[in-house]
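Q: next comes the sequence, and after it the predicted model I'd like to discuss.
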Amino acid sequence: MVISDAKPGLTRAIAVALSESFSPQLLSQYFTRKKLLQKLESYGNGASINALLDSMRASSPTRRASSDAEHDQDSWTLRHPSALSMFEEIMNDSKGKQIVVFLDYDGTLSPIVEDPDRAFMTSEMREAVRDVARFFPTAIVSGRCRAKVYNFVKLSELYYAGSHGMDIKGPAKGHRKGNQTVLCQPARKFLPMIDEVYKRLTERIEHIPGAKVENNKFCLSVHYRCVEEKRWGELADQVKSVIKDYQQLRLSQGRKVLEIRPTIKWDKGNALEFLLESLGYAETDDVFPVYIGDDRTDEDAFKVLRNRGQGVGILVSKSPKETNAWYTLKEPSEVMQFLKGLVEWKKRGCPY
Ligand SMILES: O=P(O)(O)OC[C@H]1O[C@H](O[C@H]2O[C@H](CO)[C@@H](O)[C@H](O)[C@H]2O)[C@H](O)[C@@H](O)[C@@H]1O
């Protein structure tokens, strides 16, 4: 399994070495977490309270002994090397192709903070994204509603895919090529249902300190980062009791957040494909998508890139995680470094 996961470029010998360096404990931890999270997703909104609670806990793994943790970290880094240390190899792979940049927002462009309304990106990061967009088509792909993520990023020259890709819009007039506005909202008919569930959920959880429902237009986020762990069960209970009445909604899990969205088959991976198509790169090998994200929902986009055999997926994470990305960056400051590197490379005239 480890071998077939390896980026074509990594030699078989390295892949074998990597697979051997995984501790059985780490593999079992990965599979247990993966199973719990997959179980939640396969249940739709019919997950039991226990399954829901297990999944909430699985997204917050307990600390491991430091020697185990170091070993796990080393083998994971070998398997998913830093996109900064592999920068030249990545650029070399993109030779002769059009780079298109896809950026998740929370945890990628902005640090994770307790209050979702205060997840600001720095002006230096904004400049870095602005510069990247001067040279490459660039899209923000976020779980947040499009208007909200736009208010954080404030760059009208970008494509925005909000609500986990269910609300896509092209750059404002003046920044786009030609007159056509790119617009895609495959979950429109769910708007009244999402609003209703937002109201019901807000009422049901208001007595739980720290709990918060965020209306992301075509989907909802139930935040529990600031809820005491002993009350997670109660929160899960309330969420379950509301969404059991809505068979067309499903639950998934993000970073200390339960995501509620329509059951339609549309995710960040579909958004990536839609945007590549809109940009005229549907049927070509001459494109090199670079997708950077930190969350489980970004895995759908990483999978699409693997299936297409194009570009690179880069996971933002400090600790080992099961992922379909090839490379990693530790935190938003490294994302910024990578973006600046892209611009520098382009200015140098793409020397590889
Ligand atoms: O796809 P993304 O742009 O990564 O959005 C995913 C969710 O991000 C936000 O929540 C996360 O970041 C918050 C601020 O740092 C943090 O408080 C929370 O615990 C994280 O889950 C956003 O608030 C959600 O609506 C998005 O779905």
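A: The structure has been received and is ready for your questions. The model shown is predicted, which means the values in this text are computed figures rather than measured ones.

Q: who's in contact with the residue nearest to residue 223 when sequence neighbours are not counted?
A: Spatial nearest neighbour of residue 223, chain neighbours left out: residue 212 (4.5 Å); criterion: C-beta to C-beta, 6 or more residues apart in numbering. Heads up, the C-betas are built off the backbone N, CA and C, glycines and all. Applying C-beta atoms under 8 Å, 6 or more residues apart in numbering to residue 212 gives the contacts 116, 205, 222-223, 226.

Q: measure residue 212 to residue 118 for me?
A: 12 Å (C-beta to C-beta, to the nearest Å).

Q: next one: residue 100
A: 30 Å.

Q: of the two, who's got more company?
A: Counted by other C-beta atoms under 10 Å, residue 100 and residue 118 do not tie: residue 100 has more neighbours, with 22 against 9.

Q: distance check, the more buried one against residue 263.
A: Residue 100 is 29 Å from residue 263, by C-beta to C-beta.

Q: using just helix, strand and coil, how would you label the residue of the chain found nearest the ligand?
A: In the chain, the residue that lies nearest the ligand is residue 143 (2.7 Å; C-beta to the nearest ligand atom). On the three-state scheme (DSSP: H, G, I helix; E, B strand; the rest coil), residue 143 is labelled coil.

Q: and for it, the neighbour number?
A: Residues within reach of residue 143, counting by other C-beta under 10 Å, total 27.

Q: and residue 192, by the same measure?
A: 8.

Q: centre-most residue in this protein?
A: Taking C-alpha atoms, centre = their mean, the centroid of the chain lies closest to residue 298, which sits 2.7 Å from it.

Q: what sits against that one?
A: 104, 141, 268, 291, 313, 315, 325.

Q: just checking, residue 324 touches residue 314?
A: No: here residue 324 lies out of contact with residue 314, judged by C-beta atoms under 8 Å, at a distance of 11.1 Å.

Q: in terms of neighbours, single out the busier of the two.
A: The neighbour comparison of residue 324 against residue 314 (other C-beta under 10 Å) goes to residue 314, with 31 against 18.

Q: write out the residues of the stretch 1-150 of the chain neighbouring the ligand.
A: Within the stretch 1-150 of the chain, the positions near the ligand by C-beta under 6 Å from any ligand atom are 104-107, 112-114, 116, 119, 142-144.

Q: so which of those wins on neighbours?
A: Highest neighbour count within those: residue 142, with 32 neighbours (other C-beta under 10 Å).

Q: state the distance from it to residue 57.
A: 25 Å.

Q: check residue 239 too.
A: From residue 239 across to residue 57, the span is 15 Å (C-beta to C-beta).

Q: the two: who's more crowded?
A: residue 239 (27 against 14).

Q: before we move on, which element is that one in?
A: When elements are assigned from DSSP states H and E, residue 239 belongs to helix 232-243.

Q: what are the buried residues along that helix?
A: Residues of helix 232-243 classed as buried by neighbour count (16 or more other C-beta atoms under 10 Å): 232, 234-240, 242-243.

Q: between those, which sits nearest residue 163?
A: Nearest to residue 163 among those: residue 243, at 16.9 Å, using C-beta to C-beta.

Q: give me the pLDDT for that closest one.
A: On pLDDT, residue 243 comes in at 95.

Q: got a list of what it touches?
A: Neighbouring residues of residue 243 by C-beta under 8 Å, 6+ apart: 45, 197, 249, 251, 260.

Q: looking at those, which are in strands?
A: Within these, residues falling in strands by DSSP state E are 249, 251, 260.

Q: may I have the beta-bridge partners of the second one?
A: Beta-bridge partners recorded for residue 251 (DSSP bridges): residue 260.

Q: so how far is the host helix or strand of residue 126 from its chain's centroid?
A: For residue 126, the element it lies in under DSSP H and E is helix 123-135. Here helix 123-135 is found 20 Å from its chain centre; the criterion is C-alpha atoms, centre = their mean, to the nearest Å.

Q: kindly report the same for stretch 302-310.
A: 14 Å.

Q: ok, residues contacting that stretch?
A: Under C-beta under 8 Å, 6+ apart, the answer for stretch 302-310 is 8, 269-270, 272-273, 285, 287-289, 291, 293, 311-313, 315, 323-325.

Q: and for stretch 164-175?
A: 141-143, 145-146, 156-162, 176, 180-187, 216-219, 259, 261-262, 264, 266-272, 274-275, 278, 297.
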